[in-house]
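[1] Below is the structure, and that's it, no one-letter string:
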Ligand SMILES: Nc1ncnc2c1ncn2[C@@H]1O[C@H](COP(=O)(O)OP(=O)(O)OP(=O)(O)O)[C@@H](O)[C@H]1O
């Protein structure tokens, strides 16, 4: 979005209000109810205005200057105002409703002191602004509103949740247990692409529910408080009976499985006022939503894996969505891809089904080309159906649906012609269903209706009208019109003869809004016929471009023509309404078809990506989460690999149960640790979405969630210390992860002192290894963590801890560092900080001072080194020697510390209390360390 429309060269529309009008408006405006979230716009026909705090907000945010502000009225009554052009209004609207999550929009129409609220919009319900929002852009994702209620008992809570997708007209309902961090709620909000969340207003005050509000905010979701009394389930079955398609019995059965979610559903239906619009009746579907269907991703993981585009991306390939989006249907495919990326699958059969289809398209270029050629011409069927249901009075959406519908036999042919190994799958999944929906009583009936009812010959002229032959009245009016047109043409000829002027060349017949049918001649010709004109004709207008005149016959015929024309047009209008309404009754057919087409579009897009990359992607082998390992040979980060300037070095990842299920990755800064661990997450996510992966060979044991903690994020901006944020985020991993998850942790403990950071990192690693047993990639600068590998070596039934490092090379002659980006087994405890600074072109003086200081430190260390110092190879370990007794006692004491530390209920503690506890533990450990050299090394 370009909000950078500064005022220079972009003149604002002039605020044209005189003193009286201004006064009238101010008195109206000041009486409006205050809602700090709402941005109010006033439609002044050629432009819009906003006032008061909204005006300042718009001037600052979108014009980047308060000089855009004008004052309406004087003195204490004065009202800050800003004017907004139509195109700027669209830009602001898109930002408020599609990008941000902190405002609602209201549009008023009227004049003076008489204004009426005509449209409202929220990020979750953009319906009334869709014509503006998507006039020039595809709809990228369908907004979803969630409503939820929760009850806490001890350390667990039950959540009742339901959601509505008003574009796809779907309702969903779920009830589940959650932890006190609301990890499950967060993953559901992410999976659904929720934009707005309703909670009872009372919960805003509850301390227990603070984490819920934080989870909602983390997901960039607008929090809307509703009165507790709205969360009721009375009349729910009757209400749903009207809205939901089909019989009420299955709905009643479904609802009987829920308790808390019913109140949430009641509040949701009343919030979006579903019953007020009869076009919703019989058009919704409702289903149970289960957390077990999709891989859980929280907002941190979605960010860490660069799943979606961000405003700061320089290029679309920076995000997985941008890279994978090669869809070609208008909007539908894009939205489905968006949804699939938020909902990676867990069922191996379902994943394999998508992979089979992708493989079919990868292996057969002809089917790819054939499908693409037709899908390109498919409109956004989902949205068109919704437009029809709003009872539009235009045939354009019907015609677009028709133009898409007539492509279907060709799409079916292309699919039928595929003879490869997956032909029966393609047949069952697409060919047969297409055949079913194209039958005589379904799609065929719709195309037949359009072909008989609409004047298709006129489409190219931009005229969308009902064929005159479609109705007797329309036909008779059309005949009358043509008859009169014929008489007018005759009269034109007669008049040309009468005036002795060549027809059309000199004597023109025109049809205008002001005079209806008139004759027109140039001023020069008028001189020749002036006499005759003044006698038998009526001159209507003399202008530079000619003289318009008529006579009583033409006037009469013209009037008759106008009369029939308006009757004809009103007959057209009522017939258009009928055709639109009949067309909208085919919504079930079109929904099924749009589902299939958008699926084909996304799968084709996957196949395109897999084949078009310089190194083609491969089909991953997928096993259930209880079986198999995660082995990615020659794996790449798809987004980094796609950057022109990057020569990507592939790496192997072998997460093998019992051997290397938990990996600690060390290595120099900038050595590629983060990239490596993220690329594993991205590859696993892609595999479970059903896409080929950027590897030479890949096996993926399905993961039920990916937890990713990378970097400290923007927590300082939200007033939470980095350390506390890390602790909270990590607490949610420890609570939410299981042996079926994938955990990716980068540089944990960076936000605090080395000691605390290491302590935290060690405690977490141990917990993950011993309790959670989740496959983990742990990139760290704490080289001491690599000792975990040895500690675990002799453990029976060990999860398998393995050290890896990213390789770099130091040229012994000039000590220059080269990153090799190669991940290799073994630990690396050498710090490359100074080399990296050199790498990053730090000033020479700084580098030499740093080197001198580092040497001083090394000299200062009195403890002898155990490793063979002659081996200066990167990745070698330098170990200090301690007595076995020091080591055993020290490690036992460290373990005790870590256990005490991990037992702290950090997520429920205030920051200062948490820090006090940590300081207390530390000082006790420090005391004990006085007699233990091994422990002393950590201080
Ligand atoms: N496999 C690779 N092939 C080519 N370039 C790579 C590879 N991995 C990383 N890079 C490049 O190196 C840069 C730094 O990588 P990355 O951020 O992963 O390092 P890091 O070890 O995590 O650094 P730090 O420890 O400072 O966070 C990346 O931005 C990328 O340009």
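    Yep, it's here. None of the values given here were measured: they were computed from a predicted structure.

[2] What is the helix or strand encompassing residue 433 packed up against?
    Element membership of residue 433, judged by DSSP states H and E, is helix 432-437. In this structure, helix 432-437 makes packing contacts with helix 408-416, helix 587-612, judged by 3 or more Cβ pairs under 8 Å, 6 or more residues apart in numbering; DSSP states H and E. Bear in mind the C-beta positions are built from the backbone N, C-alpha and C, glycine included.

[3] Get me the contact residues on the stretch 751-900 of the chain for the ligand.
    Counting by Cβ under 6 Å from any ligand atom, the stretch 751-900 of the chain comes close to the ligand at 806, 821.

[4] Whatever residue of the stretch 751-900 of the chain ends up closest to the ligand: what's it in contact with?
    Closest residue of the stretch 751-900 of the chain to the ligand, Cβ to the nearest ligand atom: residue 821 (3.6 Å). Residues near residue 821 by Cβ atoms under 8 Å, 6 or more residues apart in numbering: 649, 651, 671, 672, 675, 806, 807.

[5] 7 Å - rerun?
    Contact analysis of residue 821 by Cβ atoms under 7 Å, 6 or more residues apart in numbering lists 649, 671, 672, 806.

[6] if we can go back for a sec, just how off-centre is the helix holding residue 433 within its chain?
    31 Å (Cα atoms, centre = their mean, to the nearest Å).

[7] Which residues of the protein lie near the ligand?
    Close to the ligand, as judged by Cβ under 6 Å from any ligand atom, the chain has residues 646, 648-649, 651, 667, 669-675, 806, 821.

[8] secondary structure class for the residue of the stretch 751-900 of the chain closest to the ligand?
    Of the three states, residue 821 takes strand under DSSP: H, G, I helix; E, B strand; the rest coil.

[9] Could you dump the contacts of residue 821 into a markdown table and include secondary structure, pLDDT and neighbour count?
    Shown next, in a markdown table, are the contacts of residue 821 (DSSP: H, G, I helix; E, B strand; the rest coil; pLDDT from 0 to 100; neighbours: other Cβ atoms under 10 Å):
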| residue | secondary structure | pLDDT | neighbour count |
| --- | --- | --- | --- |
| 649 | coil | 95 | 17 |
| 671 | coil | 87 | 26 |
| 672 | coil | 91 | 25 |
| 806 | strand | 91 | 27 |
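
[10] Of all pairs in those residues, which one is the farthest apart?
    Largest separation among the contacts of residue 821 by Cβ to Cβ: 649 and 671, giving 11.0 Å.

[11] ranges for the helices of the stretch 251-400 of the chain?
    260-271, 299-304, 320-324, 332-342, 348-363, 365-375, 381-389, 396-405 (DSSP state H, counting those that start in this stretch).

[12] any chance of the ones you listed in a markdown table, with mean neighbour count and mean pLDDT too?
    Listed next are the helices of the stretch 251-400 of the chain as a markdown table, based on neighbours: other Cβ atoms under 10 Å; pLDDT from 0 to 100:
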| stretch | mean neighbour count | mean pLDDT |
| --- | --- | --- |
| helix 260-271 | 24 | 95 |
| helix 299-304 | 21 | 88 |
| helix 320-324 | 21 | 95 |
| helix 332-342 | 24 | 94 |
| helix 348-363 | 19 | 97 |
| helix 365-375 | 17 | 95 |
| helix 381-389 | 23 | 89 |
| helix 396-405 | 21 | 95 |
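
[13] Now residue 85, what are its backbone angles?
    Phi and psi for residue 85, reported as degrees, to the nearest 10, are phi -70, psi 170.

[14] now, which of the residues of the chain next to the ligand sits nearest residue 158?
    residue 674 (37.3 Å).

[15] you'd agree the closest one is in a helix?
    Yes: with three-state DSSP as the criterion, residue 674 is assigned to a helix.

[16] doesn't residue 710 make contact with it?
    Yes: applying Cβ atoms under 7 Å, one finds residue 674 in contact with residue 710, separated by 6.2 Å.

[17] Between those two, which contacts overlap?
    What both residue 674 and residue 710 touch, as defined by Cβ under 7 Å, 6+ apart, is the set residue 746.

[18] I'd like the average pLDDT over whichever helix in the chain runs longest.
    Taking DSSP state H as the criterion, the chain has its longest helix at helix 552-584. For helix 552-584, the mean pLDDT works out to 93.

[19] what's the answer for stretch 813-833, then?
    76.

[20] now do stretch 126-138
    Mean predicted confidence for stretch 126-138 is 85.

[21] List the contacts of it.
    90, 93-94, 97-98, 105, 119-121, 143, 166, 330-331, 334, 380.

[22] Can you give me the buried ones in it?
    Residues of stretch 126-138 classed as buried: 126, 127, 129, 130, 132, 133, 134 (neighbour count, 16 or more other Cβ atoms under 10 Å).

[23] and if you look at stretch 801-812?
    Result for stretch 801-812 [16+ other Cβ under 10 Å]: buried residues 801, 802, 803, 804, 805, 806, 807, 808, 810.

[24] Report the contact partners of the residue of the stretch 401-550 of the chain found nearest the ligand.
    Taking Cβ to the nearest ligand atom, the ligand has its nearest neighbour within the stretch 401-550 of the chain at residue 422, 33.6 Å off. Going by Cβ under 7 Å, 6+ apart, residue 422 touches 356, 357, 359, 360.

[25] go on, residue 431?
    Contacts of residue 431 (Cβ under 7 Å, 6+ apart): 412, 415, 416.

[26] if we go to 10 Å?
    411, 412, 413, 414, 415, 416, 418, 423, 424 (Cβ atoms under 10 Å, 6 or more residues apart in numbering).

[27] coming back round to it: centre of the chain to the longest helix of the chain, how far?
    Its chain's average C-alpha position is 45 Å from that of helix 552-584, according to Cα atoms, centre = their mean.

[28] What are the buried residues along it?
    554-555, 557-558, 560-561, 564-565, 567-568, 571-572, 575-576, 579-580, 582-584.

[29] same deal with stretch 628-640?
    For stretch 628-640, using 16+ other Cβ under 10 Å, the buried residues are 628, 629, 630, 631, 632, 635, 636, 637, 638, 639, 640.

[30] Burial check on the residue of the stretch 301-450 of the chain found nearest the ligand, number of neighbours?
    The minimum distance from the stretch 301-450 of the chain to the ligand, using Cβ to the nearest ligand atom, falls at residue 318 (11.5 Å). Neighbour count of residue 318, defined by other Cβ atoms under 10 Å: 18.
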